[in-house]
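A.B. asks: kindly return the folded structure for what I paste below:
(chains A, B and C)
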Amino acid sequence: MNSVIIYTVVSLSSLGALSAVILYVVARKFKVYEDPRIDEVQEILPGANCGGCGFAGCRNFAEALVRADSFEGLNCPVGGASLMGDVAKLLGKTAVAADPLVAVVRCNGTPVYRPKTSIYDGAKTCIIAHSLYGGETGCSYGCLGYGDCVNACLFGAMYMDPVTELPVIIDDKCVACGACVKACPKVIIELRKKAKKDRKIFVSCVNCDKGGPARKACNVACIGCSKCFQVCEYDAITMANNLAFINSVKCVLCRKCVEVCPTNAIHEINFPPRKEKTDTAVSGNEKKE
Amino acid sequence: MGNNLTVSLSPHDHGSETTRKLMLGVLIALIPAFLVTVWYFGYAAIMVTAIAVLSCVGFEYLMQKYLLKSETRINDLSAVVTGVLLAFCLPVNIPPGLIVIGSLVAIGVGKISFGGIGNNPFNPALVGRVFLFLSFPVQMTSWPVPKGFLTGYLDAVTGPTPLSVLNESYDKVPVTDVMEKIPSHIELLIGNMGGSLGEISALALFIGFIYLLWKKIITWHIPVSIIATILIFTGLLWAINPSNHADPLYHILSGGVMLGAVYMATDYVTSPMSKRGMIIYGLGIGILTVIIRRWAAYPEGVQFAILIMNAVTPLLNMYIKPKRFGEEVKNG
Amino acid sequence: MLKTFPTGGIHPSENKLSAGVPIIDLPLPAQVIIPISQHIGAPATPVVEKGMPVKAGQLIASSKGYVSANIHSSVSGKINKIDQILDSSGYKQTSIVIDVAGDEWIEGVDKSGILKRDITDSGEVIVRKCLGAGIVGLGGATFPTHVKLSLPPGKKCDVLIINGVECEPYLTSDHLLMVEKSDEIMVGISLLMKALGVGMAVIGIESNKPDAINLLTEKSKQYKGISVNPLKVKYPQGGEKQLIKALINREVPSGGLPVDVGTVVHNVGTAFAVYEAVQKNKPLVERIVTITGKSLTKPGNYRVRIGTPVTHLIEAAGGMPDDTGKIVNGGPMMGKALNSPDVPVVKGTSGIIVFPKSESTRPKAGPCIRCSKCISACAMGLEPYLLMVLGEKSMYDKAEKERVTDCMECGSCSYVCPAGRPLLDYIRLGKSRVNKMIRERKAK
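C.D. replies: As a prediction, the model looks like this:
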């Protein structure tokens, strides 16, 4: 009996010792030299591997940061300016200041405003529907409502509103990584500059049809009338392809354009209420996005 | 306004096959075997089958609805097929509690835990059967002999099956001595022998096989590959040492070979998808079955052989691809 | 034993409701809408303006670049506007709208029905006339014919294949064209043979068209080098790779073209259009369109001017049925569903099918049961179940290795799937992404 135990212990111990030696030798022989600072930088990065920096995960970004001479074009949207500052201090380089951004959905074509003209029967993802035709409504530019953007968000900052059939962005959770922007085949979502108190003014439409067909398809479409363009004193609005666009950097949030828009295509979000407009229809839009 | 036309991607036509129709075809193919088994084992066979089917369907419904909280798919009849095939592997005198346990394992472990239909690597009926075999060996190896239609449930008389007789005789007693104790080839063909519900009548199972081929539910590759391999392998053994082995025809007519080859091994989800892969799969099952029967402790090897080859199926699917059209031209 | 292709294929119900219905000239509509992009390649550039009068056969948009095609007015009248109009692509495209007045043609077009058999033009002149007449592949792919007739340097061609198969269910336009215009088609084939410099042409026709097979076999005896070969009825026999394999037993390599195995494939409708362009100086302004559907009162085959609204065609077939659920441009397997019937007939419109509501919805999709019926159905030897999973999970590198780009989108896999899975939807997605990846890789 004893000899069995002795043999077992001896053979397994020597097997273990042999394996340990082999592993040690191989680990030393095939070791890849890496700059130890990469590990240090990776420690302070968020570790979400969201791809918002444009690199394949946090380690890849850490490698790029250690290699780079300047931080031009390198930004982690999750950690923001404070994180970039910490990384800069660690590596002895200077951080580049960047505006905080937030994602905004530029379509308000709810089923009430934008009636359906056909029935889509196919795989319910935006990208496949987009390859087939313009969508179930008369507006071939607007949101299809199948939620590719919501599925792309890794931060839980989006959900699909079942009544409006449009995506909703939760400002507090949005880190402006850009995944939803890339996921939308119609480029409806845009990363705009984040203003104080989460206030926003934007044209909630991307329809490039002429005014007549655009309005016929959707009640709150931008018809390209240019009234907003004429009233803006800060050069923030441009007109192109029958569509107005408000530049979020130049815009000072004076709200003059909102007042003059005849179809209520321009939205003001998180502003204090003001006196009723007398000559235009009330828009349904005071939702906190 | 709009015309409310339906807009969908091509194709705009669809064939008439549905999963449910395929499963129904399998059930119809099993009817001759079921009738034979009722004739020989009595209404006990109906009881066992009914309990198995009801518990399989019931468990699948409950698990899909309350455990997975997804939509219930019992309409596709795959749980019914699992129940019938599980019942056909059991002895007719098995207590009902064991059938329910077997169904629970078959559906719960063999199917739902992997993600439901299409995702399970092992044949669910066989998972249930092997679980019962290993956990309740006594109840699972006392095989009733046929007593006729009016046999009461749990009232059967048990006796040795052809394979168990053979197993005990290997390397001890010449086969010829033992052959009187076991039914003749004709009786094996028709079903007048001891064994589980479904495996007794090779002829009835063969009729079902022809039906499945006719309705294009299965192709010939797997069953023919399995049976041919067993015939050749046992034929070689018999030729080398006829006094120690039974003849090849005997081997395919007894035990679960016909049932396993035609109904269990051809399960869509767990068998390979390419024709060449199917032949290799059948080859493996045949070889393993004969090895287990001849040299291992168990008299019957089909159940283990099929489960082992189920594990090899993903490998076969990954490396054996169908013949592509057109040579590949390296295009940068 | 009829020839056929070796792997895959399905047998959908033929539903040739309009077979045997002779071709009728559709009366001119009040207005035609002619998109400037009816072909593969760059859209044509309009050369007319609002208010200009035009005659039938007049050039209204000229081809831009080599892979492009001319567009001619199919009617006489006045240009109403050039605007973004919804067409069968599901999106709005630039189109030229013409108000129809009378039926005056430009000079030089021979509108008599007399057969002109003698070929006096050289091969180069034939190709030039095809370019001038805006001829594109009328089988549905609409590839500019003059490009197809100009072989790439270093490639040789020894046999011309004519596609008279019409494997899609419901469609009968090619069938009726072969029955009614057999001589003209033969001359057209001879013209194509001269342009390519080949001495042999084979016409493939499915065996469900015995009248066309017999008639063309008779006619082919009077023309040098042309033979007719009946084929087994199996979808997709009309796919060019399958047709080449069945008729002359050569396999086009993956990623290659038919010219790599020494052949070129043209549709019978294209051959007829080439005859009209070269022998009669008539540009491509009209084509045969099948209008069919189980609820239509008068399914038929019409000679339709390009730009005619589809509603006009449906009216001629007895009007839009009340239970209409879906309208498809093309055949049921590869055609495109329209979201409105107010779209024009274009060069690639071989048929319009009106489906009742009961046949308009797809089956409900379930999980894959790994039955491998899709693999058995695929004529290109692919594994559709795997390509769908790779498309869903965006694993495009693996999809490229599994040869997703070989897929010709015939729809056989989705047709047979018992679980009703939308295989082709995701395979198409994978294909477009992988093609984009390959283009980006080549650009580097």
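A.B. asks: so what pLDDT did the closest residue to B:V127 other than its chain neighbours get?
C.D. replies: For B:V127, ignoring the flanking residues on the chain, the nearest one in space by CB to CB, 6 or more residues apart in numbering or on different chains is B:G110 at 3.4 Å. Where you see a C-beta, it was placed from the backbone N, CA and C, and this is true even at glycine. The pLDDT attached to B:G110 in the predicted structure is 94.
A.B. asks: let me see the contact set for B:G110.
C.D. replies: With CB atoms under 8 Å, 6 or more residues apart in numbering or on different chains as the criterion, the residues that contact B:G110 are B:T82, B:N120, B:F122, B:N123, B:P124, B:A125, B:L126, B:V127, B:G128.
A.B. asks: burial measure for the closest residue to C:K336 other than its chain neighbours, as a count.
C.D. replies: Taking CB to CB, 6+ apart, and ignoring the residues beside it in sequence, C:K336 has C:N329 as its nearest neighbour in space, at 5.1 Å. By the other CB atoms under 10 Å in any protein chain shown criterion, the neighbourhood of C:N329 contains 24 residues.
A.B. asks: tell me the bridge partners for C:N329.
C.D. replies: Each beta-bridge partner of C:N329 is listed here: C:K336, C:I352, as defined by DSSP bridges.
A.B. asks: correct me if wrong: it contacts C:N339.
C.D. replies: No - shown here, C:N329 and C:N339 do not form a contact pair, counting by CB atoms under 8 Å, at 10.9 Å.
A.B. asks: that older thread, now the contacts of B:G110 in CSV, with pLDDT?
C.D. replies: Compiled in CSV, the contacts of B:G110 are given as follows (pLDDT from 0 to 100):
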residue, pLDDT
B:T82, 95
B:N120, 94
B:F122, 96
B:N123, 95
B:P124, 96
B:A125, 95
B:L126, 95
B:V127, 96
B:G128, 95
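A.B. asks: ok, back up a step: which residues does the residue nearest to C:K336 contact?
C.D. replies: C:S88, C:V310, C:G335, C:K336, C:A337, C:L338, C:V343, C:T349, C:G351, C:I352.
A.B. asks: what do you get for C:P258?
C.D. replies: When contacts are counted by CB under 8 Å, 6+ apart, C:P258 touches C:I161, C:E240, C:K241, C:I244, C:V252, C:V264, C:V265.
A.B. asks: apply 6 Å and report the result again.
C.D. replies: Taking CB atoms under 6 Å, 6 or more residues apart in numbering or on different chains as the contact definition, C:P258 lies against C:E240, C:I244, C:V252, C:V264, C:V265.
A.B. asks: check C:A271 too.
C.D. replies: With the criterion set at CB under 6 Å, 6+ apart, C:A271 makes contact with C:I185, C:G188, C:I189.
A.B. asks: for it, grab phi and psi.
C.D. replies: Note on C:A271: backbone dihedrals following degrees, to the nearest 10 are phi -60, psi -40.
A.B. asks: would you map the helices across chain A?
C.D. replies: Under the criterion DSSP state H, helices of chain A are mapped to A:2-29, A:36-44, A:58-67, A:80-91, A:126-132, A:148-152, A:179-183, A:211-217, A:227-231, A:256-260.
A.B. asks: elements contacting the last one?
C.D. replies: When contacts are defined as 3 or more CB pairs under 6 Å, 6 or more residues apart in numbering or on different chains; DSSP states H and E, helix A:256-260 packs onto helix A:227-231, strand A:266-269.
A.B. asks: pLDDT of the shortest one, averaged?
C.D. replies: So that's strand A:266-269. Taken as a whole, strand A:266-269 carries a mean pLDDT of 91.
A.B. asks: and that strand, what does it pack against?
C.D. replies: Secondary-structure packing of strand A:266-269 (3+ CB pairs under 6 Å, 6+ apart): strand A:200-203, helix A:256-260.
A.B. asks: quick one, which of the ones you listed is packed in tightest?
C.D. replies: Of all those, strand A:200-203 carries the top mean neighbour count, a mean of 21, counting by mean count of other CB atoms under 10 Å in any protein chain shown.
A.B. asks: quick one: that strand to chain centroid distance?
C.D. replies: Relative to the centre of its chain, strand A:200-203 is centred 16 Å away, using CA atoms, centre = their mean, to the nearest Å.
A.B. asks: quick revisit: among the helices and strands packed on helix A:256-260, show me which one is buried the most.
C.D. replies: Each of the helices and strands packed on helix A:256-260 was scored by mean neighbour count; the highest is strand A:266-269, a mean of 21, by mean count of other CB under 10 Å.
A.B. asks: pull up the pairing partners for that one, direction included.
C.D. replies: The sheet places strand A:266-269 alongside strand A:200-203 (antiparallel), with pairing taken from DSSP bridges.
A.B. asks: and C:S95, which of the three is it?
C.D. replies: Remark: C:S95 carries the secondary structure label strand [criterion: DSSP: H, G, I helix; E, B strand; the rest coil].
A.B. asks: so what's it up against?
C.D. replies: The contact partners of C:S95, by CB under 6 Å, 6+ apart, come to C:I33, C:I34, C:P35, C:I85.
A.B. asks: how far away is the second one from A:C225?
C.D. replies: To tie it back to what came earlier, the one meant is C:I34. To A:C225, C:I34 is 31 Å away according to CB to CB, to the nearest Å.
A.B. asks: okay, these two: which has more neighbours?
C.D. replies: Set C:I34 next to A:C225 and count neighbours by other CB under 10 Å: C:I34 wins out with 30 against 17.
A.B. asks: now the worst-scoring helix or strand of chain A on mean pLDDT - C-alpha only, PDB.
C.D. replies: Here the helix or strand of chain A ranked lowest by mean pLDDT, DSSP states H and E is helix A:80-91, holding a mean of 82. This file holds the C-alpha atoms of helix A:80-91, laid out as PDB (Å, rounded to 0.1, in the frame of the first residue of the first chain):
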ATOM      1  CA  GLY A  80     -13.300  62.900 -21.400                       C
ATOM      2  CA  ALA A  81     -11.000  65.800 -20.700                       C
ATOM      3  CA  SER A  82     -10.200  64.800 -17.100                       C
ATOM      4  CA  LEU A  83      -9.000  61.300 -18.100                       C
ATOM      5  CA  MET A  84      -6.900  62.700 -21.000                       C
ATOM      6  CA  GLY A  85      -5.300  65.100 -18.500                       C
ATOM      7  CA  ASP A  86      -4.400  62.200 -16.100                       C
ATOM      8  CA  VAL A  87      -2.900  60.200 -19.000                       C
ATOM      9  CA  ALA A  88      -0.900  63.300 -20.100                       C
ATOM     10  CA  LYS A  89       0.500  63.700 -16.600                       C
ATOM     11  CA  LEU A  90       1.400  60.000 -16.400                       C
ATOM     12  CA  LEU A  91       3.300  60.200 -19.700                       C
END
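A.B. asks: would you mind getting the angle between it and helix A:58-67?
C.D. replies: Here helix A:80-91 runs at an angle of 60 degrees relative to helix A:58-67 (axes from the mean of the first three to the mean of the last three CA atoms, to 10 degrees).
A.B. asks: contacts for helix A:80-91 next, please.
C.D. replies: A:V41, A:I44, A:L65, A:C76, A:T94, A:A95.
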